[in-house]
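[1] Give me a model of this one.
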Amino acid sequence: MSTTPDSSLPGATSTKTEANALVGRQAILNEQREVFGYELFDRSAASFTAASDAALLFNALSYAGAEALVGKKLVFINTTHDGLSGGHLELIAPEKVVLEVPPMPAGSCAFDITTRCGVFGALKERGFRIAFDQHALTKDYASWLPLADFIKLDMMHIKAEQLPAVVQFTQKYTKAHIVAEKVETKEQFECMKALGVKLFQGYWFAKPDVIQTKTVRPNQAVIMQLLNLVRSQGSTAEIEALLKKDPTLSFNLLRFINSAGFGLSIEVTSFRHAVMILGLKKLFRWAALLLTTSRGSDTAPAVGQTAVVRGRLMELLAAEMLTPEEVDNAFIVGMFSLLDSMLGIPMEMALDAVALPQSVRDALLTRTGVLAPFLELTLACEQGDDDTFARLTDALHLSNHQVNWAHLQALAWAETFDDMN
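    Predicted coordinates for the structure are as follows:
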């Protein structure tokens with residue numbers, strides 16, 4: 001897959017199902033704060049918390065061709081009980097799919113609840129995994145527990161003092177993996193981790209923990225020097241001289257350039273060769289990618305991967321509307337949108353260390369300029385603000401399908417670098 005934008009985003013879809021689907025996502029992390037999987041949800045549902053239509057999500061995944069995403073990460077898909085049957089379940093490999101099943105409607109009798117076990121069992125025999133929320137821990141749902149592969153505990157709806165007992169009960173009476181969802185703070189993450197929980201959902205990991213006096217790590221400083229040198233049109237000899245000072249950086253940058261994500265037909269063996277093949281603009285992009293995925297022990301690995309998804313998503317969304325130069329800048333905005341979290345310093349200080357176009361600075365610092373709406377839409381894909389999501393898609397004249405296609409392609413593209421961090 002090339003890092004350059006495709007010549008066009010798919011236009012309006014041919015089916016009502018695809019046109020109506022609006023895919024959102026949240027990352028699910030392991031205890032090392034690496035991306036374990038993604039929960040995909042239908043933005044066209046009544047609200048962020050509403051059970052969504054699995055058929056829409058399966059169709060969107062299939063149509064966007066997100067095999068790389070489904071091949072590496074588990075995909076958690078919200079579903080209704082009606083969505084547990086139908087042809088859409090044949091569209092992607094069941095071994096990588098976790099069906100998130102809501103509780104039965106209020107007033108359901110014990111017989112109706114127990115009867116659902118047959119449906120769950122048949123799905124599991126086909127290879128699907130099943131996730132329930134904390135309602136499955138209540139007496140009425142005891143018959144569901146043996147079928148649970150995951151139990152999701154909502155941190156917003158369980159009192160802090162009740163968490164140890166709830167976790168202990170889940171561990172004792174199920175073989176399910178516990179997912180702590182709606183984790184908002186590092187303290188909540190540490191608390192649940194201490195209780196033995198190994199999976200977490202929420203974007204607390206992307207919140208910057210900045211210290212005004214913190215210094216940039218040496219390897220990051222060299223990458224930033226490289227970015228400035230490339231940005232100022234430095235000579236090939238100057239670039240090579242800088243890279244020779246850091247063999248690890250040189251190796252990693254060449255590894256990125258030769259990765260599947262770039263799609264070159266020949267191997268780049270030196271930086272003189274890289275400049276000749278790529279040009280300085282593309283070399284800047286790859287140095288930015290390397291800075292994004294370079295991390296210390298105090299930075300969650302998921303931060304870098306989230307930034308890569310944002311960069312690619314902004315690039316794809318901007319491809320039809322902006323000049324090639326601004327499309328490149330859109331990629332940088334998305335990549336650097338978590339720079340404060342990655343470096344542990346305020347965003348303005350981080351941006352002052354790298355020479356960047358004004359449109360990039362405007363989008364990141366003040367949310368203004370031509371790139372700002374694309375950044376806001378990219379962030380909305382991760383969050384529950386449906387009004388903002390709808391407003392920005394309308395303002396940018398993007399169809400639901402165009403956003404879905406770009407979103408799922410960005411997730412799949414980020415997977416091509418997952419093993420290189």
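
[2] Would you check that V370 makes contact with S359?
    Yes. Counting by Cβ atoms under 8 Å, V370 does reach S359; the two are 5.9 Å apart. All C-beta atoms are positioned from the backbone trio N, CA, C, and that covers glycine.

[3] Neighbour count: those two, which is higher?
    S359 (20 against 16; other Cβ atoms under 10 Å).

[4] Please identify which helix or strand holds the more buried one.
    Assigned by DSSP states H and E, S359 belongs to helix 358-365.

[5] and the end-to-end length of stretch 378-386?
    13 Å (Cα to Cα, to the nearest Å).

[6] what's the neighbour count on the closest residue to H177 other than its chain neighbours?
    Nearest non-adjacent residue to H177, counting by Cβ to Cβ, 6 or more residues apart in numbering: F150, 5.1 Å away. F150 has 22 neighbours, counted by other Cβ under 10 Å.

[7] Could I get the contacting residues of F150?
    76, 98, 129-132, 176-179, 199 (Cβ atoms under 8 Å, 6 or more residues apart in numbering).

[8] Tell me the pLDDT of T215.
    Note on T215: pLDDT of 57.

[9] related to what we said a few turns ago, would you list the contacts of F150 in TSV and tack on distance to E382 and pLDDT?
    Listed next are these as TSV, based on distance: Cβ to Cβ, whole Å; pLDDT from 0 to 100:
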residue	distance to E382	pLDDT
F76	15	93
V98	19	95
R129	23	97
I130	25	97
A131	20	97
F132	24	97
A176	26	97
H177	23	98
I178	23	98
V179	17	98
L199	18	98
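
[10] L56 in helix, strand or coil?
    The three-state label given to L56 by DSSP: H, G, I helix; E, B strand; the rest coil is helix.

[11] Over to I130?
    I130 is classified as strand under three-state DSSP.

[12] before we move on, back to that, what's the farthest-apart pair in the contacts of F150?
    I130 and L199 (15.0 Å; Cβ to Cβ).

[13] counting contacts, what elements does the helix holding S359 pack onto?
    helix 324-336, helix 347-352, helix 372-380 (3 or more Cβ pairs under 8 Å, 6 or more residues apart in numbering; DSSP states H and E).

[14] Apply 6 Å and report the result again.
    helix 324-336 (3 or more Cβ pairs under 6 Å, 6 or more residues apart in numbering; DSSP states H and E).

[15] How far off centre is the helix or strand following the helix it packs on?
    Using DSSP H and E, the next helix or strand after helix 324-336 towards the C-terminus is helix 339-343. Mean-position distance between helix 339-343 and its chain equals 17 Å (Cα atoms, centre = their mean, to the nearest Å).

[16] can you check stretch 144-159 too?
    Taking mean C-alpha positions (Cα atoms, centre = their mean), stretch 144-159 and its chain are 23 Å apart.

[17] buried residues in that stretch?
    Neighbour counts over stretch 144-159 (16 or more other Cβ atoms under 10 Å) mark 144-145, 147-153, 155, 158 as buried.

[18] Out of those residues, name the ones that lie in strands.
    Residues from the buried residues of stretch 144-159 lying in strands, with DSSP state E as the criterion: 150-153.

[19] For the helix holding S359, which residues meet the burial criterion?
    359-364.

[20] Neighbours of K186, how many?
    13.

[21] circling back to that earlier point, with respect to W204, which of the buried residues of helix 358-365 is nearest?
    Distances from W204 to those, taken by Cβ to Cβ, are shortest for L364, at 20.8 Å.

[22] give me the element T269 is part of.
    Counting by DSSP H and E, T269 is part of no helix or strand.

[23] For this protein, just list every one of the strands.
    23-30, 35-42, 74-78, 97-100, 129-133, 150-154, 177-181, 199-201.

[24] For I130 and L199, indicate the residue with more neighbours.
    Shown here are I130 and L199; by other Cβ under 10 Å, I130 has more neighbours (22 against 19).

[25] Isn't that one up against A122?
    No. If you go by Cβ atoms under 6 Å, I130 and A122 don't touch, sitting 10.9 Å apart.
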